[in-house]
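**Student:** How does the following fold in three dimensions:
(one chain, ligands or ions: 2)
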Amino acid sequence: MKLSKTLTAQLDDPRLFREHAYVNGKWTHGEGGREETVIDPATGEAIGHIPWLEAHQIREAVDAADAAFGHWRALRADERAERLMAWHDLLQAHREDLATIMTLEQGKPLPDARGEVEYGASFVRWFAEEGKRTFGETIPSHIPNAALGTIKEPVGIAALITPWNFPLAMITRKAAAAMAAGCPVIVKPAGETPFSALALAELAERAGIPAGVFNVVLGEPAEVSKILCAEERVKALSFTGSTRVGRLLLEQSAQTVKRVSLELGGNAPFIVGPDMDPKEAAFAAVAAKFQTAGQDCLAANRILVHESIHDEFVAHFAERMAALTVGNGMESEIDLGPLIHRQAVDKAASIVDDAISRGATLVAGDQTQAPGENFFMPVLLTGVTPQMKVWREENFAPVAGVTAYRDDDEVIAMANDTEYGLAAYVYTHDIRRIWKLLRALEYGMVSVNSVKMTGPPVPFGGVKQSGLGREGGITGIDEYLETKYYCLGALGSVSGS
Ligand SMILES: NC(=O)c1ccc[n+]([C@@H]2O[C@H](COP(=O)([O-])OP(=O)(O)OC[C@H]3O[C@@H](n4cnc5c(N)ncnc54)[C@H](O)[C@@H]3O)[C@@H](O)[C@H]2O)c1
Ligand SMILES: N[C@@H](CC=O)C(=O)O
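**Tutor:** Ligands and ions are numbered 1, 2, ... in the order given. Sure thing, here's the model as predicted:
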């Protein structure tokens, strides 16, 4: 395998590129000789290697986190916040290098990678602040001469398992919340994109986060997860990834009754009302579909357009889609990078073939134009129906499926016809329709007339089989906190009510 010499050469600070796990403040080799090669999906070249840790090394990471817990939780919230803010500042200062690492391992265009570094850093700032506001309550006592209340305490070690599509922000949204709450973390990033996680570890160390508080373990995914799920000392598991793996981890965590947060797949409907300008709606739908080449849990998967404007909408969508540029994310003026690997391209092709074989029309999407083997040209299908994979599955590719509907009740039934319930988009200016759809859609997040919906203040998460719990927002830190109730009895009359 040809090893690209380009990665470290392109960094201002080559020490951000690390090819070891990070456990207890030390860069760690695998002891069994197993390793994984990390590929730049745009070129197919190897950009580095990571070791796979052995079972006892994963347990050592738990030992390290356990040892660090006492000291970390004992710090005042503002002391933890200072370290988190130092980490935030370093992320910002090294934005260019972090974005370069991300584009080379994930493939997304460099401007999108810069955006993700900002987005990831914004969670660190948010939770540095929120950590100072984990207030307990005073409870009016029903017991004579007693004072009642609650204290919030860190749950303990949190295992964080993350995907490859947002290699940095999916880690910071969890880790910053857990660490602000006083919990040490063990991160298991996706094998496709470990280098963003390892750069986060390097910067955490420079920020003065003590050894054992932020650990990155690498290894065979099922093996690592089994160990972490079975470990009684790991009290919380937060996972972002596919619904298939999420179910597995939920089952495995049952044995030790962990606090489980799951951010899983989506199958977002994008609903366009009859009152909408078809061009405005089509441009928004293109933006909601093709971000990160469609490899986004929020990607508009099923585009449901009122029959009265369907044909015009499709024409504008096709025109806008034709203007998208596909290529290596390190080059300028690229809208869509590669898919993560060849299997993702094959899956996208099979979803398109399935739709066409069941009667969908291929309006645009010529794969002979793809600039490399991991690239998939944007596809527009019309006449998509519930029998097709493109309707039922999260395609996680630049494949847009459009369907016409007759009225609000029909589109509500269509939108809810999925096991997923992460995010939905609604485009209409009719306030009654907005309210009706907002209430009827079975989704954790509904965005009306806006493609952008995420950010640190937002309770991000899904219903149905899209997950459990919420990340970000004022409740995100609760995933890592226990409520301890206290009753102080025999206080005499000073206890008051
Ligand atoms: N809801 C959200 O916030 C959100 C955000 C980003 C991605 N996602 C979802 O993530 C999926 C894409 O990411 P992916 O392909 O990396 O998901 P994935 O489920 O294949 O992998 C996610 C993580 O789980 C690990 N893993 C894989 N197989 C495992 C196994 N058998 N046991 C234990 N761990 C295992 C992987 O190494 C990775 O770290 C999509 O479904 C997408 O919607 C959801
Ligand atoms: N775009 C999402 C990640 C989903 O893949 C986010 O903003 O968190």
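**Student:** lowest confidence element among the helices and strands of this protein?
**Tutor:** The helix or strand of the chain with the lowest confidence, counting by mean pLDDT, DSSP states H and E, is helix 6-9 at a mean of 84.
**Student:** can you list the residues that contact that one?
**Tutor:** Here helix 6-9 makes contact (C-beta atoms under 8 Å, 6 or more residues apart in numbering) with P14, F17, I47, G48, T100, I101, L104, F195. C-beta: built from backbone N, CA, C; applies to glycine.
**Student:** filter these to the buried ones?
**Tutor:** Using 16 or more other C-beta atoms under 10 Å as the burial test, the contacts of helix 6-9 include F17, I47, G48, T100, I101, L104, F195 as buried.
**Student:** Farthest-apart pair in the residues you listed, please.
**Tutor:** G48 and T100 (13.0 Å; C-beta to C-beta).
**Student:** residues in the stretch 201-350 of the chain within reach of ligand 1, list them.
**Tutor:** Within the stretch 201-350 of the chain, the positions lying close to ligand 1 (C-beta under 6 Å from any ligand atom) are 221-222, 225, 240-242, 245, 248, 263-266, 297.
**Student:** switch to 5 Å and redo it
**Tutor:** Contacts of the stretch 201-350 of the chain with ligand 1, taken as C-beta under 5 Å from any ligand atom, map to P221, A222, S225, T240, G241, S242, V245, E263, G265, C297.
**Student:** Can you flag the buried ones in those?
**Tutor:** Buried members of these, scored by 16+ other C-beta under 10 Å, are S225, T240, G241, V245, E263, G265, C297.
**Student:** What strand or helix carries the first one?
**Tutor:** When elements are assigned from DSSP states H and E, S225 belongs to helix 221-230.
**Student:** same check, this time on T403
**Tutor:** Counting by DSSP H and E, T403 is found in strand 399-405.
**Student:** can you list the residues that contact the helix or strand just after that strand?
**Tutor:** Remark: after strand 399-405, the chain's next helix or strand is helix 408-416, criterion DSSP H and E. Residues from elsewhere that reach helix 408-416 (C-beta under 8 Å, 6+ apart): 269, 271, 302, 304, 306, 386, 403, 405, 424, 433, 436-437, 440-442.
**Student:** which bits of this protein sit near ligand 2?
**Tutor:** Counting by C-beta under 5 Å from any ligand atom, the chain comes close to ligand 2 at F166, D296, C297, L298, T454.
**Student:** which residues touch the residue nearest to the fourth one when sequence neighbours are not counted?
**Tutor:** Nearest residue to L298 in three dimensions, chain neighbours excluded: A423, at 4.9 Å (C-beta to C-beta, 6 or more residues apart in numbering). For A423, the residues meeting the contact criterion (C-beta under 8 Å, 6+ apart) are G266, A268, C297, L298, Y443, G444, M445, V446, S447, M453, G462.
**Student:** What residues are bridge-paired with A423?
**Tutor:** Beta-bridge pairing for A423 (DSSP bridges): M445.
**Student:** and it, what pLDDT?
**Tutor:** You'll see A423 listed with a pLDDT of 98.
**Student:** still on that earlier bit, dump the buried ones among the contacts of helix 6-9 into TSV; add distance to A287 and secondary structure as well.
**Tutor:** TSV is the format used below for the buried ones among the contacts of helix 6-9 (distance: C-beta to C-beta, whole Å; DSSP: H, G, I helix; E, B strand; the rest coil):
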residue	distance to A287	secondary structure
F17	32	coil
I47	29	strand
G48	33	strand
T100	25	helix
I101	26	helix
L104	25	helix
F195	28	helix
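**Student:** okay, the residues you listed in JSON lines with distance to A413 and pLDDT next?
**Tutor:** Shown next, in JSON lines, are the buried ones among the contacts of helix 6-9 (distance: C-beta to C-beta, whole Å; pLDDT from 0 to 100):
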{"residue": "F17", "distance to A413": "50", "pLDDT": "97"}
{"residue": "I47", "distance to A413": "46", "pLDDT": "96"}
{"residue": "G48", "distance to A413": "48", "pLDDT": "97"}
{"residue": "T100", "distance to A413": "46", "pLDDT": "98"}
{"residue": "I101", "distance to A413": "44", "pLDDT": "98"}
{"residue": "L104", "distance to A413": "44", "pLDDT": "98"}
{"residue": "F195", "distance to A413": "44", "pLDDT": "98"}
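**Student:** so which of these would you say is closest to ligand 1?
**Tutor:** Among the buried ones among the contacts of helix 6-9, F195 lies closest to ligand 1 (C-beta to the nearest ligand atom), at 13.8 Å.
**Student:** Could you double-check that that closest one lies in contact with H49?
**Tutor:** No: F195 is not in contact with H49 according to C-beta atoms under 8 Å; the separation is 10.6 Å.
**Student:** Let's see which of the contacts of A423 end up in strands.
**Tutor:** A268, M445, V446, S447 (DSSP state E).
**Student:** quick one: the second one from G212, how far?
**Tutor:** When distance is defined by C-beta to C-beta, to the nearest Å, M445 is 35 Å away from G212.
**Student:** The third one now?
**Tutor:** In this structure, V446 lies at 41 Å from G212, with C-beta to C-beta as the measure.
**Student:** which SS class is D275?
**Tutor:** D275 falls in the coil class when you classify it by DSSP: H, G, I helix; E, B strand; the rest coil.
**Student:** mind listing the helices for the stretch 101-250 of the chain?
**Tutor:** Along the stretch 101-250 of the chain, counting by DSSP state H, counting those that start in this stretch, helices occupy 110-130, 169-181, 194-206, 221-230, 243-254.
**Student:** Looking at the ones you listed, spot the one closest to G329.
**Tutor:** Between G329 and the helices of the stretch 101-250 of the chain, the shortest separation by C-beta to C-beta is 5.8 Å, and it involves helix 110-130.
**Student:** tell me the angle of that closest one relative to helix 194-206?
**Tutor:** 40 degrees (axes from the mean of the first three to the mean of the last three C-alpha atoms, to 10 degrees).
**Student:** Would you mind checking the contacts of A423 for buried ones?
**Tutor:** Looks like the contacts of A423 have G266, A268, C297, L298, Y443, G444, M445, V446, S447, M453, G462 buried, using 16+ other C-beta under 10 Å.
**Student:** contacting residues for the first one?
**Tutor:** G266 makes contact with C297, L298, A299, N301, E394, Y420, L422, A423, G462, S466, according to C-beta under 8 Å, 6+ apart.
**Student:** Tell me the pLDDT of the third one.
**Tutor:** Predicted confidence (pLDDT) for A299: 98.
**Student:** from memory it sits against A400, does it?
**Tutor:** No: in this structure A299 lies outside contact range of A400 using C-beta under 8 Å: 9.1 Å.
**Student:** ends of stretch 411-427, how far apart?
**Tutor:** Using C-alpha to C-alpha, to the nearest Å, one end of stretch 411-427 lies 12 Å from the other.
**Student:** Could you pull up the contacting residues of the residue positioned nearest the centre of the chain?
**Tutor:** Closest residue to the average C-alpha location of the chain: M170 at 4.1 Å, with C-alpha atoms, centre = their mean. Shown in contact with M170 (C-beta under 8 Å, 6+ apart): T162, P163, T240, E263.
**Student:** Please report the distance of the third one from V187.
**Tutor:** Applying C-beta to C-beta, the value for T240 to V187 is 11 Å.
**Student:** Quick check: neighbours shared by these two?
**Tutor:** Common contacts of T240 and V187, defined by C-beta under 8 Å, 6+ apart, comprise I161, T162.
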